[in-house]
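Student: please find the sequence and the predicted model below.
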Amino acid sequence: MPAQSTSADKKHQAQQARRQAALNSANHRRVRPRAAAVAATAPASNSTVAVSGVFAAQAQTEAAASAPDEALGGIFLSSDPGIEMSGADADSADTELEVLCELADTNPAALGPDLGSVRQLCRNRRKALSSRGKAAIPGKTSAPKRGGNVARAMAYAAGQISGRDLARLRRQEMASKGRGDTPAARPSGRVRPTQAPPKVETGTTLSGQGVTGTQVERTQTVTGNESGTCRAVTGTEYVGAEQFATFCGTQPEPNVPKVGISITGGGRAVSGTEVGRSEKVTGDEQGSCASVTGSE
């Protein structure tokens with residue numbers, strides 16, 4: 001009974017397969033298109049040239065046979081962060097896979113003992129394309145994300161590149177590709193503390209009562225002079241005593257309170273709007289001193 005492999009083993013095998021496939025692709029890059037063209041027209045007897053292109057993908061095939069379904073797309077995308085494929089390599093690998101799959105259908109005898117591995121690779125490729133679409137195929141313009149930074153860091157550590165050249169390359173990369181996933185730099189300047197004005201303030205009316213809310217008085221932060229700052233306005237007091245004390249130096253007389261307190265005939269205090277006779281009304285009112293029965 002064969003030993004059961006865990007998901008970690010399958011992932012490790014898939015990574016090793018991708019690394020081996022990338023190395024083979026880099027070593028046989030120039031010969032690969034010619035070998036694929038010859039393999040498409042080769043007869044069954046001359047299978048040596050056709051099988052030469054299979055070894056580049058044989059390691060991927062073995063890993064794909066034992067990898068889980070969600071890892072199938074990574075075989076074609078080369079999701080390992082340590083491996084970066086250029087657009088030409090990705091296009092060449094995709095073309096070679098198409099040629100191998102077509103050869104497995106039209107002339108299976110040309111593949112010899114590798115026929116089962118190639119068919120398994122083609123099944124995994126079709127499954128990835130059906131589930132993920134064009135996302136399963138590497139882009140032609142995909143650029144390396146981490147390989148350049150790692151290579152420059154290793155070159156700087158080995159003394160092969162100066163710090164000035166390294167900074168110039170970094171600026172060129174930022175200008176052409178942007179920041180990418182790098183977080184934005186924190187501000188290096190001095191942050192001065194700013195005190196925001198309170199939303200709810202406490203003011204005082206001309207009669208001395210405290211009022212809370214948003215103040216609308218004139219402040220010292222506004223330059224210039226405002227006409228009518230020290231003039232008394234009748235009606236509702238929107239301007240408190242603080243404005244007169246700050247800019248005028250004098251305080252006008254408060255208005256008559258809207259709510260007054262009067263004493264009833266029984267000696268009780270009643271608060272509310274006064275409806276009695278006022279001294280501001282000229283003339284005489286008949287019946288002012290006559291007693292009235294009922295509610296006072």
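Tutor: That came through fine.

Student: every contact and neighbour count from this point should use C-alpha atoms.
Tutor: Will do.

Student: what mean pLDDT would you report for stretch 269-289?
Tutor: Mean pLDDT, stretch 269-289: 79.

Student: can you list the buried residues in the host helix or strand of residue 164?
Tutor: Assigned by DSSP states H and E, residue 164 belongs to helix 163-177. The neighbour-count check on helix 163-177 (16 or more other C-alpha atoms under 10 Å) flags residue 166 as buried.

Student: and stretch 283-294, end to end?
Tutor: 27 Å (C-alpha to C-alpha, to the nearest Å).

Student: actually stretch 108-117, not the one I typed
Tutor: Stretch 108-117 has an end-to-end distance of 12 Å (criterion: C-alpha to C-alpha).

Student: next, the buried residues of it.
Tutor: Residues 108-111, 114-115, 117 are the ones in stretch 108-117 that count as buried (16+ other C-alpha under 10 Å).

Student: return the subset of those residues lying in helices.
Tutor: Among those, the ones falling in helices (DSSP state H) are 115, 117.

Student: which of the buried residues of stretch 108-117 sits closest to residue 187?
Tutor: If you rank these by distance to residue 187 using C-alpha to C-alpha, residue 117 comes first, at 56.2 Å.

Student: distance of the closest one from residue 107?
Tutor: The value you get for residue 117 to residue 107, if C-alpha to C-alpha is used, is 15 Å.

Student: go on, residue 120?
Tutor: For residue 120, the distance to residue 107 equals 16 Å [C-alpha to C-alpha].

Student: kindly report the same for residue 161.
Tutor: Computed with C-alpha to C-alpha, the distance linking residue 161 and residue 107 is 53 Å.

Student: so between the two, which is more surrounded?
Tutor: More neighbours surround residue 107 than the other of residue 161 and residue 107, with 18 against 14 (other C-alpha atoms under 10 Å).

Student: need the pLDDT of that one.
Tutor: The model's pLDDT for residue 107 equals 83.

Student: cool, residue 101 as well?
Tutor: 84.

Student: what do you get for residue 138?
Tutor: 62.

Student: got a list of contacts for stretch 204-221?
Tutor: Contact with stretch 204-221 is made by 199-203, 229, 237-243, 251-255, as judged by C-alpha atoms under 8 Å, 6 or more residues apart in numbering.

Student: swap in 6 Å and give it another go.
Tutor: Applying C-alpha atoms under 6 Å, 6 or more residues apart in numbering, the contact partners of stretch 204-221 are 200-203, 239-241, 254.

Student: now the helices for the chain?
Tutor: Counting by DSSP H, residue ranges of the helices within the chain are 7-27, 32-41, 48-52, 55-66, 72-77, 87-106, 115-132, 147-157, 163-177, 241-243.
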